[in-house]
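Engineer: whatever this is, show me its structure:
(one chain, ligands or ions: 1)
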Amino acid sequence: MNVQNMKKRQIIKTRHLVIHPMTQQHLKFLLKLWNDPEIMRYAGFAKNWNYAQICKWFEKYKKNITKYGNTEIHFIVKLKKEGRIGESGLGRLRSGWSCPNYKAPKNKLALMTDVKLIKTYWNKGYGTEVMKTIVQYVFSETKADILLVPPHKENIPAIRVYEKAGFRKTRGIWYRYHIIYKINKNETNKKKIPSTTFSRYTRDTDSPR
Ligand SMILES: CC(C)(COP(=O)(O)OP(=O)(O)OC[C@H]1O[C@@H](n2cnc3c(N)ncnc32)[C@H](O)[C@@H]1OP(=O)(O)O)[C@@H](O)C(=O)NCCC(=O)NCCS
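Structural biologist: Below you'll find the model as predicted:
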């Protein structure tokens, strides 16, 4: 998949949300999310990046997406009536990736994901709607066998979201305070969301803003 094809990838519609691949026009919005200490409290740390730094990150991102396609992708989350409210993304783990007390099987493709929303939209069910959709996307649109999430042990809303989306706690510990939760492909067959559609947009004019 090359960079020109970024706008040809899928757009996902759920009951309340539109979730679509990020492009350069979303960098200022991402900067707002990643620089917010409250949003990033349990999700790493506020990056305090400027626009030039996120542009540099985006150049690397484009190379990854060219190499790995939709297993190394960032999504923008929009509320149908109100616009951008957050982001999610997928990242590949190397074969046999491990952390204390957890090891991904060597012959399986494992991805990691998470979700971040602007605070105004917390506690309205949107985080769960995103994560259920990402689970469905991963196991129907990529070749991944396992999906992992690494919530901080005190991040109760995130843990609830992941549990509601079907993830189970493992004994894995990442960076001391982050617990690895996982879901396998064979656990998701009955978890399809009827109101969710995956479709393609192929012209620039279709590209969501
Ligand atoms: C994590 C996050 C995406 C959750 O999104 P959300 O839209 O608020 O989640 P939902 O509304 O779908 O579900 C939140 C759940 O947590 C529960 N919850 C929220 N605060 C809680 C608290 N202090 N104690 C106990 N439960 C709490 C809610 O009741 C709800 O559970 P329920 O449906 O069983 O009642 C959002 O809080 C966020 O963006 N946080 C900052 C970024 C982040 O930490 N991301 C996760 C990185 S791993």
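
Engineer: find the nearest non-adjacent residue to Lys108, please.
Structural biologist: Asp145 (3.9 Å; C-beta to C-beta, 6 or more residues apart in numbering). All C-beta spots, glycine's among them, are computed from the backbone N, C-alpha and C.

Engineer: quick check: can you name the pairing partners of the longest strand along the chain and their directions?
Structural biologist: In the chain, assigned by DSSP state E, the strand with the most residues is strand 83-92. In the sheet, strand 83-92 lines up against strand 73-79 (antiparallel), strand 110-117 (antiparallel) (DSSP bridges).

Engineer: could I get these as CSV with mean pLDDT?
Structural biologist: Output for those, formatted as CSV (pLDDT from 0 to 100):
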stretch, mean pLDDT
strand 73-79, 96
strand 110-117, 98
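
Engineer: nearest to Trp57, out of those strands?
Structural biologist: With C-beta to C-beta as the measure, strand 73-79 is the member of the strands paired with strand 83-92 nearest Trp57 (10.2 Å).

Engineer: neighbouring contacts of the closest one?
Structural biologist: Strand 73-79 has contacts (C-beta atoms under 8 Å, 6 or more residues apart in numbering) with 9, 12, 16-22, 26, 29-30, 61, 65, 84-90, 115, 117, 121, 126, 130, 134, 208.

Engineer: does it reach the ligand?
Structural biologist: No: shown here: strand 73-79 not in contact with the ligand (C-beta under 6 Å from any ligand atom), separated by at least 9.5 Å.

Engineer: C-alpha coordinates for that strand, CSV please?
Structural biologist: Provided in CSV are the C-alpha atoms of strand 73-79 (Å, rounded to 0.1, in the frame of the first residue of the first chain):
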residue,chain,number,x,y,z
ILE,A,73,-2.5,2.7,10.9
HIS,A,74,-4.0,5.7,12.8
PHE,A,75,-7.7,6.4,12.7
ILE,A,76,-9.6,9.6,13.4
VAL,A,77,-12.8,9.2,15.3
LYS,A,78,-15.6,11.5,14.4
LEU,A,79,-19.0,11.9,16.0
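
Engineer: what separates that strand from the chain centre, distance-wise?
Structural biologist: Offset of strand 73-79 from its chain centre (C-alpha atoms, centre = their mean, to the nearest Å): 8 Å.
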